[in-house]
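Peer 1: only the shape, not the letters, is given here:
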RNA sequence: GGGACCUUGGUGUAAUGGCAGCACAGAAGCCUGUGGAGCUUUUAGAGGGGGUUCAACUCCCCUAGGUCCCCCCA
């Protein structure tokens, strides 16, 4: 054998991708428990769609001109020469599944939720990762404005229940095709007058996606936008009515919201209602609004997408949905200093001697079968060490099985805090444990 | 796509162009029948590559990550 050169190749996780270590799992579990419970109450059914989809699904659905598709999509050719993509968002796959499985013929509306990883290739920063988890809820096949409010309420309540208060919904209406084409004409006409003063991006956007100019953060652009026509004034009767009702429902549900006429969102398929949910920090609420505006990160967002289905199918299908950025919500909770409780072992088994060790294996199995979380270190033999371990793991109850006890078919139950010990028959152990753990 | 700062054992950190030190955690022991303490011993480190230099953890360049900002979004 040659002498091995110790050249270590650094193995790191990819940029923007993170391991979720045991200590962080509880943040996720807590979130999962909450959305599962609330979805059940709202009667949303879970759907899981593949992480890998045809790239076309997003190019057509999310929109070829959007940043998500243009710059951020993980897409590649497979060996079979298919053009595929890691899903950057959840709505197109759900719509695809809806059509593929004939959910049109199920009783409408179809209320679905999903949870899982999504991928976008952009520079990582606060609340922004290349792999992130999203919870989303979609209602398909229903045009009633109550649906918009219900989706907002569901997302709002999940985040709220997770422990993040001071939530506020920003909401706007983009209108339908008819009214927003009128608006776009007016907007473009207005913007052209100032096009020399707009930033480079916005000059391009006048042609490619004039809506997005409203969203620009450049101060010069913002000044121009201040006096720009507002979509609200161009809504057709139906859209105006729809929006009004959504807001009324939000009032009834006591969900705090503010109208944001500049909220447009970067996905192509939205129509009528669009919204994002933010957490407002008490402390800098009053301070310089400018900085505040730029710094806030939305925890959730969504809207109505009555026209998305037509992209894939001739069918006409109203729908509305939204998603929560799970990492963003977790980061917020951490920022607030809240830690979900870890579910520690309740019992630790200490054994001394060979015969005891063998009986221990059986006891561990039986105790676990009785749904009691028990830990042991069978690799160690002395009592002191094993007790030390139980102590380090902060396990409140220790079972001690020595040679003496094993021979008599008995076992000691020790309460670590009070240092009280009871000798019980091994046959009665589970009963005794249940008594102790209940109280 | 553009920019700022950062990277020292598992973790948190210190100092220095000249032996990389400390704390915690880990392992072994004092001590195979009762834990939390103490003591002893011990494992383990400069993200990777290149350059300047007698000498680089330190200075320079590249690269990979991290954090953050612009852009955009969850």
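Peer 2: Perfect, thanks for sending it. Just so it is clear, the structure is predicted and the values come from calculations on it, not from any experiment.
Peer 1: any stretches of the stretch 151-300 of chain A with poor pLDDT?
Peer 2: A:217, A:282-295 (pLDDT under 70).
Peer 1: and the strands in it?
Peer 2: A:167-173, A:257-259, A:271-279, A:300-304 (DSSP state E, counting those that start in this stretch).
Peer 1: packing partners of the third one?
Peer 2: Think strand A:271-279. helix A:145-162, strand A:167-173, helix A:237-253, strand A:300-304, strand A:319-325 (3 or more C-beta pairs under 8 Å, 6 or more residues apart in numbering; DSSP states H and E). Every residue, glycine included, has its C-beta placed from N, CA and C.
Peer 1: mean neighbour count and distance to RNA strand B added to those, as JSON lines?
Peer 2: Output for the helices and strands packed on strand A:271-279, formatted as JSON lines (neighbours: other C-beta atoms under 10 Å; distance: least, C-beta to the nearest atom of the strand, whole Å):
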{"stretch": "helix A:145-162", "mean neighbour count": "23", "distance to RNA strand B": "10"}
{"stretch": "strand A:167-173", "mean neighbour count": "22", "distance to RNA strand B": "11"}
{"stretch": "helix A:237-253", "mean neighbour count": "16", "distance to RNA strand B": "18"}
{"stretch": "strand A:300-304", "mean neighbour count": "26", "distance to RNA strand B": "4"}
{"stretch": "strand A:319-325", "mean neighbour count": "26", "distance to RNA strand B": "2"}
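Peer 1: dump the residue contacts of the residue in the stretch 151-300 of chain A that RNA strand B sits nearest to.
Peer 2: Nearest residue of the stretch 151-300 of chain A to RNA strand B, counting by C-beta to the nearest atom of the strand: residue A:266, 1.0 Å away. By C-beta atoms under 8 Å, 6 or more residues apart in numbering, residue A:266 lies in contact with A:66, A:67, A:68, A:212, A:215.
Peer 1: for the fourth one, give its distance to residue A:191.
Peer 2: Spelled out, that is residue A:212. 11 Å (C-beta to C-beta, to the nearest Å).
Peer 1: more crowded one of these two?
Peer 2: The neighbour count for residue A:212 versus residue A:191, taken as other C-beta atoms under 10 Å, is higher for residue A:191 (23 against 19).
Peer 1: which residue packs closest to that one, ignoring adjacent ones?
Peer 2: Take residue A:191 and drop its neighbours on the chain: the residue closest to it by C-beta to C-beta, 6 or more residues apart in numbering is residue A:206, 5.2 Å away.
Peer 1: OK, contacts around the one you found?
Peer 2: A:188, A:191, A:192, A:195, A:198, A:213.
Peer 1: which one of those residues has the most neighbours?
Peer 2: Most crowded among those, counting by other C-beta under 10 Å, is residue A:213 at 26 neighbours.
Peer 1: pretty sure that residue sits against residue A:205.
Peer 2: Yes - the pair residue A:213 and residue A:205 qualifies as a contact (C-beta atoms under 8 Å) at a distance of 4.9 Å.
Peer 1: which of the contacts of residue A:266 has the most neighbours?
Peer 2: residue A:66 (23 neighbours).
Peer 1: you'd agree that one is up against residue A:269?
Peer 2: No - contact criterion C-beta under 8 Å: residue A:66 and residue A:269 do not qualify, at 9.6 Å.
Peer 1: sorry, back to before: hmm, which two among the contacts of residue A:266 are most spread apart?
Peer 2: Taking every pair in those and measuring C-beta to C-beta, the maximum separation is 14.4 Å, between A:68 and A:215.
Peer 1: can you check which helix is longest in chain A?
Peer 2: helix A:22-42 (DSSP state H).
Peer 1: now that helix against helix A:145-162, angle please.
Peer 2: For helix A:22-42 against helix A:145-162, the angle between stretch directions is 150 degrees (axes from the mean of the first three to the mean of the last three C-alpha atoms, to 10 degrees).
Peer 1: which residues touch helix A:22-42?
Peer 2: Contacts of helix A:22-42 (C-beta under 8 Å, 6+ apart): A:20, A:45-46, A:111, A:113, A:115, A:133, A:135, A:137, A:150, A:154, A:157-158, A:161-162, A:324, A:326, A:329-330, A:333-334, A:339-343.
Peer 1: bridging residues for residue A:415?
Peer 2: residue A:397 (DSSP bridges).
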